[in-house]
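> got a sequence here, can you model it:
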Amino acid sequence: MSGPAGEQRIDHDLVWVVEDSAEDAEAIARALRRTHPGLALDFTDRGTGFVERLLGAARRPGLVLLDLKLPGPSGPDVLRSIRSRPELDGVAVVAFTSSTGPDEVDTTYAAGADSYIYKPVNFELFRAVLKGAVDYWQRKAKSGDEGPGAQPPS
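Okay, here's the model as predicted:
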């Protein structure tokens, strides 16, 4: 599905998850299926070839949940690759990771992350954090707010 002039459509009910831990991927799937049953999820366990998949997709996800510790290119490397492609500007990228070091947070935002979220160990909190992130990015997309100064809808 393409938009005007052959542009690929951003689907805000589609989330792509880049997560190499099968356990964390399963937890993400369980959490989002409970809180957002209509959300389509797509999973990959590595960053290699991810940008090419995004570029070639008929429907681009409105949101990418990106782990930072990946085999092959790291999360920040994948993020820099995404942000180097203007045709992917409409895709929100949220680092969802167990990494909490201030340098890692700074590096991730410098690479172009829209948000940085720490993975809680408790499943209920894990689910609540994911729900909040998805709700926020879906509201933002529907309101049409763009740019770093945009306020979340009330």
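> what secondary structure does residue 126 sit in?
helix (DSSP: H, G, I helix; E, B strand; the rest coil).
> just give the closest residue to it, not the sequence neighbours.
Closest residue in space to residue 126, ignoring its immediate chain neighbours: residue 120 at 4.8 Å, by C-beta to C-beta, 6 or more residues apart in numbering. Quick note: C-beta positions are derived from backbone N, CA and C, even for glycine.
> quick check: the one you found is in a helix.
No: using three-state DSSP, the assignment for residue 120 is coil, not a helix.
> tell me the confidence at it?
Listed pLDDT for residue 120 reads 89.
> go on, the one 4 residues further on?
Residue 124 is assigned 93 on the pLDDT scale.
> heads up, I number from 88, so please use that
Taking 88 as the first residue, the last one we looked at is residue 211.
> count of neighbours near it?
Here the count is done by other C-beta atoms under 10 Å, and residue 211 has 9 residues near it.
> if I look at the residue nearest in space to the middle of the chain, how far off is residue 102?
Nearest to the mean C-alpha position of the chain, by C-alpha atoms, centre = their mean, lies residue 151 at 2.0 Å. According to C-beta to C-beta, to the nearest Å, residue 151 and residue 102 sit 7 Å apart.
> tell me which strands the biggest strand by length in the chain pairs with, and in which orientation.
In the chain, assigned by DSSP state E, the strand with the most residues is strand 96-105. Strand 96-105 sits in its sheet next to strand 127-131 (parallel), strand 146-153 (parallel), going by DSSP bridges.
> same question for that strand: list its buried residues.
Neighbour counts over strand 96-105 (16 or more other C-beta atoms under 10 Å) mark 97, 98, 99, 101, 102, 103, 104, 105 as buried.
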